[in-house]
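> Got a predicted model here, sequence first, then my questions.
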Amino acid sequence: MKRISYDEIKLENNDTLIVGCIYKSPNCTKENYALLVSLFYKISVINPSNLIITGDFNFSEINWENNTTSVGENNMATQFLNCIMDEFLFQHVRHPTRIRTGNVPSILDLIFTNEENMVEEVEFLPGLGLSDHLVLYCDFNCYIEQDNPSYEKLNYFRGDYRNIGEELSSVQWDSVMRGLDVSDSWNGFTEKIVKLLEKHVPVSKSTPSKGKRSPFITTSCKEALRHKHTRWKKFTYCKSDENYNKYKQARNKVTTELRHSKYKYEQDISSQRLKTENKLFWKYVRSKTKTNQVVSKLEKTNGELTKQ
């Protein structure tokens with residue numbers, strides 16, 4: 001491993017972006033490889049909200065399509081792949097980046113992020129100068145804002161189901177369905193149901209959902225927050241060392257309460273509720289991502305990608 005360069009960038013809402021660039025020599029020693037792996041583990045301890053690491057890693061033995069290697073378990077390539085999988089990182093390069101006459105094209109230059117949708121598409125451009133490595137170009141998304149337009153939907157809670165039942169009872173189903181096969185009978189029945197719903201169920205307009213408080217906020221957390229705000233007001237009214245120290249104690253208690261409550265909530269939904277309320281678990285997981293899932297571009301029969 002010859003060169004490492006990284007920087008930490010502050011984002012909104014106390015989020016942090018770590019940008020790194022690494023070059024690992026093909027003749028990397030075990031000591032330098034250990035430093036490379038320890039770097040990835042240290043980044044996982046920091047746990048930044050946004051992460052992108054690029055560089056020339058020289059691991060031609062790794063097949064990034066199915067996350068396998070052509071070498072043994074003790075080889076650096078296999079151990080590095082296990083490290084990436086342990087840290088739940090996403091590798092976005094899927095085509096060869098080093099092309100030289102007489103050599104098998106290989107994927108040596110890599111792009112890692114901590115969320116799959118942070119990189120939507122990677123472009124492969126000609127190399128610089130006499131280099132046999134391609135230039136990689138991609139758009140990095142720190143955040144993806146989802147449009148939540150209002151839309152109309154049926155308000156089933158206010159439906160007039162008595163009239164729906166009466167109209168269904170008045171239909172001569174034997175004569176209506178006579179001579180029809182199963183498919184046509186089903187289509188005719190569903191069409192009748194849809195018309196009755198449109199007639200007897202009112203339409204309501206849904207509005208974009210507003211932000212809700214974190215699900216792990218308990219009563220003790222709210223009490224600690226109120227106490228913290230009270231101490232802060234007292235300090236702003238009388239800026240003495242005693243009032244400031246009391247404010248710091250209240251502030252630290254809030255931090256402790258929030259961490260404990262969040263840890264307990266995550267333990268609860270990941271161990272006990274995962275078997276019975278898995279929707280709640282995955283809802284919480286999605287709420288922690290910075291780039292939500294979007295509909296990706298589709299490939300046409302001629303190989304071109306559709307436009308978003």
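On my side now, so go ahead. Numbering: from 1, shown residues only.

> C-alpha only now, for contacts and for neighbours.
OK.

> Buried residues of the top helix by length along the chain, list them for me.
Ranked by number of residues, the top helix in the chain under DSSP state H is helix 241-267. Under the neighbour-count criterion of 16 or more other C-alpha atoms under 10 Å, helix 241-267 has 243-244, 246-247, 250-251, 253-254, 257-258, 261-262, 266 buried.

> can I get those in JSON lines with distance to Asn14 and pLDDT?
Formatted as JSON lines, the buried residues of helix 241-267 follow (distance: C-alpha to C-alpha, whole Å; pLDDT from 0 to 100):
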{"residue": "Asn243", "distance to Asn14": "26", "pLDDT": "88"}
{"residue": "Tyr244", "distance to Asn14": "23", "pLDDT": "90"}
{"residue": "Lys246", "distance to Asn14": "25", "pLDDT": "90"}
{"residue": "Tyr247", "distance to Asn14": "21", "pLDDT": "90"}
{"residue": "Ala250", "distance to Asn14": "20", "pLDDT": "91"}
{"residue": "Arg251", "distance to Asn14": "17", "pLDDT": "91"}
{"residue": "Lys253", "distance to Asn14": "19", "pLDDT": "91"}
{"residue": "Val254", "distance to Asn14": "17", "pLDDT": "90"}
{"residue": "Glu257", "distance to Asn14": "19", "pLDDT": "89"}
{"residue": "Leu258", "distance to Asn14": "16", "pLDDT": "89"}
{"residue": "Ser261", "distance to Asn14": "20", "pLDDT": "88"}
{"residue": "Lys262", "distance to Asn14": "17", "pLDDT": "85"}
{"residue": "Glu266", "distance to Asn14": "21", "pLDDT": "82"}
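
> Can you name every helix or strand that the longest helix of the chain contacts?
helix 219-237 (3 or more C-alpha pairs under 8 Å, 6 or more residues apart in numbering; DSSP states H and E).

> Can you give the distance of the longest helix of the chain from its chain's centre?
Here the centre of helix 241-267 is set off from its chain's centre by 28 Å, with C-alpha atoms, centre = their mean, to the nearest Å.
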